[in-house]
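Enquirer: generate a structure from the sequence data that follows.
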Amino acid sequence: MSFLTKSFDNGRIKLKNRLVMPPMATAKAHNDGKVSREVLDYYHEKSKGGYISLIIIEHSYVSEDGKASLNQLSVADDSCVEGLKQLAEVIHKNGSKAVMQLNHAGSLARKEVTVNTVGPSHVLNPRKLNDTIPRELSKDDIRGLTARYKDSALRAKEAGFDGVEIHSAHGYLLNQFLSPLTNKRTDEYGNDIYGRVKFHLEVIKAVRDAVGDDYPVFLRLGASDYMEGGTTIEDSKIASKLFEEAGVNVIDISGGMCGFILPDNKEQGYFASLSEAVKSVVGIPVILTGGITDASAADKFIQEGKADFIGVGRAVFADSDWAKNAMESLQ
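Expert: I've put the predicted structure just below:
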């Protein structure tokens, strides 16, 4: 039985196979972040046939000051819900499940889309996608943003999504709190790993309180920065256990301040050492992504217990029939 035919059911997460399409920004939304015809067509094409068990929607901003780029999807206000309902329906009709990813860009917000760039500390983001040094968030600001995540999760649930994913990878706001490279705070939201995940735990609690005990909550974790002085896998093992205790149902592994790629590593599943390490300390499912284009390699990662699910992104982005062809190749 291959990863494309092996189902998963732990009582909370139920999927027909182990293939996940991870979130990938399309820049196809309307200028105000609402779902467009182009967004609906894109996700229809990617989910057709239902070969992919779960589609995680591209990162969608929870507040205007957290908008990363032009034409990004929004979950920031109630007027977005109707379009999001259509998006969930398109994917469900094709036989796949859908999870909405919630994000705040923090210091990676582009100047052309927001004038109020914020972050945990007054330092430049090491991803250097812009040259903006953010305003340091106050404790009141953090409480306000926690409420934004909560409200956005409720909108996703109302729209019919099968779960939400809290984004803490690729150098965005929650990842900025996680990383010592961007979190220089000396209050309870900084210092050691326990302080650096305090904001995460407050967001998880707020989201869990809002959506209820039975609604799936994922967290995408930038498990290593691969930079001197940055987040390490040992940090992320501690963080992952805390996230599980707080009510997260799935940990979705990716890179931190390095983004979603490792420039010097072209191997299949280049984040496999991270997913394997996290999986060894938690009892909830773990998703592995990172350069996976070969179905047999994906299958091997599942067989070897390096992850519970495989995220195939760029290959599916380039070829909407990738999953169909992969299933045929493994028969």
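
Enquirer: is H59 in a helix, a strand, or coil?
Expert: Under DSSP: H, G, I helix; E, B strand; the rest coil, the three-state class of H59 is strand.

Enquirer: gap between the nearest residue to G33 once chain neighbours are set aside and Q101?
Expert: Setting aside the residues directly before and after it, G33 is nearest to S74 in space (Cβ to Cβ, 6 or more residues apart in numbering), at 2.6 Å. The way it works is simple: take the backbone N, C-alpha and C, and place the C-beta from them, glycine included. According to Cβ to Cβ, to the nearest Å, S74 stands 12 Å off from Q101.

Enquirer: circling back to that earlier point, what's the burial count for the residue nearest to G33?
Expert: 24 (other Cβ atoms under 10 Å).

Enquirer: could you pull out the strands in the stretch 1-150 of the chain for me?
Expert: 8-9, 14-15, 19-21, 54-61, 97-103, 118-119, 135-136 (DSSP state E, counting those that start in this stretch).

Enquirer: mind listing the helices for the stretch 1-150 of the chain?
Expert: Using DSSP state H, counting those that start in this stretch, the helices of the stretch 1-150 of the chain run over 37-47, 81-93, 139-158.

Enquirer: just so I know, which of these lies nearest A272?
Expert: helix 37-47 (23.9 Å; Cβ to Cβ).

Enquirer: may I have that closest one exported as PDB, CA atoms only?
Expert: C-alpha atoms of helix 37-47 as PDB (Å, rounded to 0.1, in the frame of the first residue of the first chain):
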ATOM      1  CA  ARG A  37     -12.600  33.700 -10.200                       C
ATOM      2  CA  GLU A  38      -8.900  33.100 -10.800                       C
ATOM      3  CA  VAL A  39      -8.500  31.800  -7.200                       C
ATOM      4  CA  LEU A  40     -11.500  29.400  -7.600                       C
ATOM      5  CA  ASP A  41     -10.200  28.200 -11.000                       C
ATOM      6  CA  TYR A  42      -6.700  27.600  -9.700                       C
ATOM      7  CA  TYR A  43      -7.900  25.500  -6.700                       C
ATOM      8  CA  HIS A  44     -10.400  23.600  -8.900                       C
ATOM      9  CA  GLU A  45      -7.600  22.600 -11.200                       C
ATOM     10  CA  LYS A  46      -5.300  21.500  -8.400                       C
ATOM     11  CA  SER A  47      -7.900  19.500  -6.500                       C
END
